[in-house]
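Undergrad: turn this into a model:
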Amino acid sequence: MGVDEDRIQPDEIEELYKGHEVSCHTSTHPTIERCPLSQVVQQIIEDRKALEAATGYPVRGMSYPNGSYSDDIVKLLPSCGIEYCRVVGNTDNFAMPENYLLWKSTCHHGHNLMENAEKFADLHKTQYLYMMYVWGHSYEFDRDNSWDLIEGFCEFIGNRDDIWYATNIEIVDYMNAAQNLKYTANGDMVLNPNAIPVWISCDGTIHKIGAGELKRI
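TA: Presented below is the predicted three-dimensional model:
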């Protein structure tokens with residue numbers, strides 16, 4: 001099989017996607033709900049191996065090919081080293097996912113993108129965690145002549161000091177770290193046993209709890 005020059009080549013991936021997160025999509029993109037589980041495992045592991053060789057780091061996330069999955073597939077993902085997996089569809093809201101292995105985005109870039117962006121930018125209640133998650137495919141911008149849409153979105157929502165621009169695995173790692181904080185019974189001290197800092201709010205004050213720090217609050 002010849003090399004498709006229009007596709008990104010493996011030796012380009014590490015430099016091209018620096019600062020981004022590369023994740024799995026299976027090695028041949030089958031409709032995995034119809035595959036034997038042993039083949040699903042092979043699809044994921046072979047994809048991980050190839051991507052990890054290209055990126056130089058552990059690949060820990062995935063998107064379901066063709067949006068296809070089953071309860072059994074969801075259950076086996078952690079055994080394959082997968083910590084989150086995106087499903088297709090749009091929530092049109094900004095809630096955090098209840099299950100990172102069934103992670104549905106706010107919207108596809110072709111579905112209410114700017115309407116959702118404007119709503120997200122107007123959110124202000126600090127007692128909630130909000131997240132706007134956009135999914136899509138880069139080839140669609142050429143196909144649909146919609147580069148102006150995604151560029152306008154980035155110009156509108158970018159460079160704001162009240163938004164954390166994070167990859168999927170950064171969100172998973174941070175939320176796991178937040179859940180792993182250890183509080184005293186009196187609630188006056190907190191220990192962060194994680195390798196990353198975590199921020200908490202207590203009596204209206206924001207506290208940064210550094211990696212490995214025990215802090216009185």
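Undergrad: A strand includes Ile206, no?
TA: Yes - assessed by DSSP: H, G, I helix; E, B strand; the rest coil, Ile206 belongs to a strand.
Undergrad: isn't it right up against Val198?
TA: No - taking contacts as Cβ atoms under 8 Å, Ile206 lies outside contact range of Val198: 11.2 Å. Where C-beta positions appear, they are placed from N, C-alpha and C, glycine not excepted.
Undergrad: higher neighbour count, those two?
TA: More crowded of Ile206 and Val198, by other Cβ atoms under 10 Å: Val198, with 20 against 9.
Undergrad: show me what counts as buried in the longest helix that the chain contains.
TA: Selection of the longest helix in the chain by residue count, based on DSSP state H, yields helix 37-55. Buried positions in helix 37-55, judged by neighbour count with 16 or more other Cβ atoms under 10 Å: 40-45, 47-48, 51-52, 54-55.
Undergrad: then stretch 30-38?
TA: By 16+ other Cβ under 10 Å, the buried positions in stretch 30-38 come out as 32-33, 35.
Undergrad: same check on stretch 128-140?
TA: 130-136.
Undergrad: those in strands, which ones?
TA: Using DSSP state E, the subset of those located in strands is 134-135.
Undergrad: from the buried residues of stretch 30-38, pick the one nearest Arg143.
TA: Taking Cβ to Cβ as the measure, Arg143 lies nearest Ile32 of the buried residues of stretch 30-38, at 25.0 Å.
Undergrad: gap between the closest one and Asp188?
TA: Look at Ile32 and Asp188: by Cβ to Cβ, to the nearest Å, they are 49 Å apart.
Undergrad: same check, this time on Leu101
TA: To Asp188, Leu101 is 36 Å away according to Cβ to Cβ.
Undergrad: same question, Tyr17
TA: Distance from Tyr17 to Asp188, by Cβ to Cβ: 44 Å.
Undergrad: contacting residues around Tyr130?
TA: By Cβ atoms under 8 Å, 6 or more residues apart in numbering, Tyr130 lies in contact with 94-95, 120, 123.
Undergrad: apply 10 Å and report the result again.
TA: Neighbouring residues of Tyr130 by Cβ atoms under 10 Å, 6 or more residues apart in numbering: 93-96, 106, 119-120, 123-124, 163.
Undergrad: for the protein, just list every one of the helices.
TA: Applying DSSP H to the chain gives helices spanning 10-16, 37-55, 71-76, 113-122, 139-143, 147-157, 168-179.
Undergrad: what's the average pLDDT for the longest one?
TA: Pointing back at helix 37-55 there. Mean pLDDT, helix 37-55: 98.
Undergrad: report all helices and strands that it contacts.
TA: helix 10-16, strand 61-63, helix 71-76 (3 or more Cβ pairs under 10 Å, 6 or more residues apart in numbering; DSSP states H and E).
Undergrad: do the last one as well
TA: With contacts defined as 3+ Cβ pairs under 10 Å, 6+ apart, the secondary structure elements packing on helix 168-179 are strand 61-63, strand 84-90, strand 103-105, strand 198-202.
Undergrad: so which bits of that helix are buried?
TA: Those would be 168-169, 171-174, 177-178, for helix 168-179 by 16+ other Cβ under 10 Å.
Undergrad: any idea which of those residues is closest to Asn194?
TA: Ala177 (4.0 Å).
Undergrad: okay, the closest residue to that closest one other than its chain neighbours: pLDDT?
TA: Among residues not flanking Ala177 along the chain, Asn194 sits closest, at 4.0 Å (Cβ to Cβ, 6 or more residues apart in numbering). Confidence at Asn194, expressed as pLDDT, is 98.
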